[in-house]
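In: missing the sequence, but the structure's below:
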């Protein structure tokens, strides 16, 4: 009985104690100064995704994936962001605050 419990504990420990990448994402707080809605391409985990920022809004958006970093592609260039970033959108460009 003790051996079975010990074996089950040893198997379950890495699953419970190690962070799971399936729950990771990048959470962005943003302020879009323009009335225009923007949809940008995002590179995350080697995959291309999209993120939408509504116009004239202070809000938040979550990019689902298995990492805590992402790269947003804008007409002004690429912007590296991490989880819980605060950004400002003006003239189609992103500024990390």
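Out: Ah, there it is. What you see is a predicted model; the values in this text were computed from it and never measured. Residues are numbered from 1 along each chain as shown.
In: which residues in this structure form strands?
Out: 25-32, 38-44, 47-53, 57-64, 69-74, 77-82, 85-90, 93-96 (DSSP state E).
In: Paired strands for the shortest one, with orientation please.
Out: Read that as strand 93-96. If you go by DSSP bridges, strand 93-96 pairs up with strand 85-90 (antiparallel).
In: Show me which parts of the partner strand are buried, residue by residue.
Out: The neighbour-count check on strand 85-90 (16 or more other Cβ atoms under 10 Å) flags 85, 87, 89 as buried. For the C-beta atoms, the positions are set from N, CA and C on the backbone; glycine is no exception.
In: now stretch 58-78
Out: Applying 16+ other Cβ under 10 Å to stretch 58-78 flags 63, 65, 67, 70, 72 as buried.
In: Same check on stretch 34-51?
Out: Neighbour count says stretch 34-51 has 38, 40, 42-44, 49, 51 buried, by 16+ other Cβ under 10 Å.
In: could you give the mean pLDDT of that stretch?
Out: Mean per-residue pLDDT for stretch 34-51: 94.
In: now swap in stretch 87-97 and tell me
Out: Here the average pLDDT along stretch 87-97 is 95.
In: How far off centre is that stretch?
Out: Counting by Cα atoms, centre = their mean, to the nearest Å, stretch 87-97 is centred 16 Å from the centre of its parent chain.
In: what does stretch 39-55 give?
Out: With Cα atoms, centre = their mean, you get 9 Å for stretch 39-55.
In: mind checking the end-to-end distance for that stretch?
Out: 11 Å (Cα to Cα, to the nearest Å).
In: what does that stretch contact?
Out: With Cβ atoms under 8 Å, 6 or more residues apart in numbering as the test, stretch 39-55 has contacts from 26, 28, 30, 32, 34-38, 59, 61, 63-67, 69-74, 89, 94.
In: and with 10 Å instead?
Out: Here stretch 39-55 makes contact (Cβ atoms under 10 Å, 6 or more residues apart in numbering) with 21, 24-26, 28, 30-38, 59, 61-75, 78-81, 87, 89, 92, 94.
In: what's across from the residue positioned nearest the centre of the chain in the sheet?
Out: The chain has residue 26 as the residue nearest its centroid, 1.4 Å off, counting by Cα atoms, centre = their mean. Note on residue 26: beta-bridge partners residue 63, judged by DSSP bridges.
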